[in-house]
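got a predicted model here, sequence first, then my questions.
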Amino acid sequence: MASFFCRHCHRHKNFFNYLHKKKDTLRIALQSKGRLNEKSLELLCEAGIGIDDTGRKLLSRASNFPIEILYLRDDDIPQTVSCGIADIGIVGLNEVMERDFDVDVLQHLEFGKCRLSLAIPKYMEYTGPEFFEGRKIATSYPGILKKWFAEKNVNCEIREIAGSVEISPSIGLADGIFDIVSSGGTLVQNGLAEVEKVLESDAVLIGCPDMDEEKRQTVRVLMSRFTSVLRSRGKKYMLVNVPNDKIEEALKIIPSMKSPTLLPLADKGWSAIHAVIDESEVWDKADRLKAIGAEDILILSMEKLII
Ligand code: ATP
Ligand code: MG
């Protein structure tokens, strides 16, 4: 039976015993290193889950929540969750769609945003999906691409390669490529133009379809914490003093989640409004509030927004 040397206890351990799951502990699979690793751990940490020794082991346990973390390559996360070795996982939607294992997509986590696109040399004229009929396309995502072309009734030759997909047209390996794009800079550097956006992707929380009810309950708690973390990102807390006869006007400028918090000031004739606003709107709202006579506008960072 396979074994490995544990760097922490300096003993050989049986791999399968080590991975043996506790019934009452939820197991989440995260990318061990790479683009999603840091943001996934950050999300858990902001959700109040204390993990020490992050990423240096195969498994680590949270100190204050019934969850343990299994660190894997992102390619392996959908299968690991599908067969229940991990109950849940965080992975790019692109990997979930490509691997096509039976998992539930439980929540979009709004980081690791990218898209999977078709691109061709920029000097060529693109005429629509039929452009690719009989042509060669290099990609590391053959599954998603095959499905897309089947829907479009286009027959093309898919050349699966592991990396450096973007150089394939210039070395004569393919006529076009299907690859991950975020800013588009790599395409431009390689003389390529993006012609079809096939899939928008971000990191998603996935779950094993066979999870028992006790674990599902823990997952619901976790998801609600994630929602709070995601909602508070990019938000600021605004306090503003407004003359009482301008309250109605001020409330039109400041939206509010339910009804606004309105507090009378010691100075009669004035009130304070408290509101949560988007960071991107802070200056615009402040200028408009000042223009109607508001004073002492205070903008504070928001730690959490628990609803
Ligand atoms: P692993 O070693 O775990 O297999 P990897 O090299 O396959 O990692 P990364 O490059 O770390 O994968 O990317 C992980 C995920 O990050 C991608 O599958 C995708 O969902 C997302 N992502 C976001 N932006 C980009 C980008 N610009 N390039 C590649 N992936 C991106
Ligand atoms: Mg990978």
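That came through, no problem. Ligands and ions are numbered 1, 2, ... in the order given.

show the pLDDT at the nearest residue to Ala286 once chain neighbours are set aside.
Closest residue to Ala286 apart from its sequence neighbours, by CB to CB, 6 or more residues apart in numbering: Ile297 at 5.1 Å. C-beta here means a position set from N, CA and C on the backbone, and glycine is covered the same way. We note a pLDDT of 96 for Ile297 in this prediction.

got it, and the one 10 residues further on?
At Ile307 the predicted local confidence, pLDDT, stands at 76.

from ligand 1, how far out is it?
As for Ile307, its distance to ligand 1 is 28 Å (criterion: CB to the nearest ligand atom, to the nearest Å).

what's the burial count for that residue?
Neighbour count of Ile307, defined by other CB atoms under 10 Å: 9.

got it, and Asp202?
Asp202 has 16 neighbours, counted by other CB under 10 Å.

from ligand 1, how far out is the nearest residue to it once chain neighbours are set aside?
The spatial neighbour of Asp202 that comes closest, neighbours along the chain excluded (CB to CB, 6+ apart), is Lys113 at 4.7 Å. Look at Lys113 and ligand 1: by CB to the nearest ligand atom, they are 6 Å apart.

can you check Val242 too?
Counting by CB to the nearest ligand atom, the gap from Val242 to ligand 1 is 43 Å.

is that residue bridged to anything, and to what?
Following DSSP bridges, Val242 is listed with bridge partners Ser271.

what's near enough to touch it?
Val242 makes contact with 250, 270-273, 289, 292-294, according to CB atoms under 8 Å, 6 or more residues apart in numbering.

pick the one among those residues closest to Asp212.
Taking CB to CB as the measure, Asp212 lies nearest Ile273 of the contacts of Val242, at 47.1 Å.

follow-up on the earlier one: okay but the residue nearest to Ala286 is in contact with Ala250, surely?
No - in this structure Ile297 lies outside contact range of Ala250 using CB atoms under 8 Å: 10.7 Å.

identify the contacts common to these two.
Shared contacts of Ile297 and Ala250 (CB under 8 Å, 6+ apart): 240, 289.

kindly reformat the contacts of Val242 as a markdown table containing pLDDT.
Formatted as a markdown table, the contacts of Val242 follow (pLDDT from 0 to 100):
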| residue | pLDDT |
| --- | --- |
| Ala250 | 95 |
| Trp270 | 97 |
| Ser271 | 97 |
| Ala272 | 97 |
| Ile273 | 95 |
| Leu289 | 97 |
| Ile292 | 97 |
| Gly293 | 97 |
| Ala294 | 97 |
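
residues of the chain that sit close to ligand 2?
By CB under 5 Å from the ion, the residues of the chain that approach ligand 2 are 74-75.

rewinding a little: between Ile297 and Ala250, which one's more packed in?
Ala250 (23 against 17).

so where's this structure uncertain?
Scanning the chain with the threshold set as pLDDT under 70 gives 1-22, 53-56, 256-257.

what ranges do the helices span in it?
Secondary structure of the chain (DSSP state H): helices at 15-18, 37-46, 77-82, 93-99, 142-152, 185-189, 213-232, 247-253, 282-291.

between helix 37-46 and the longest one, find me the angle.
Counting by axes from the mean of the first three to the mean of the last three CA atoms, to 10 degrees, helix 213-232 points 100 degrees away from the direction of helix 37-46.

cool, the last one as well?
An angle of 50 degrees separates the directions of helix 282-291 and helix 37-46 when computed by the same axes, to 10 degrees.
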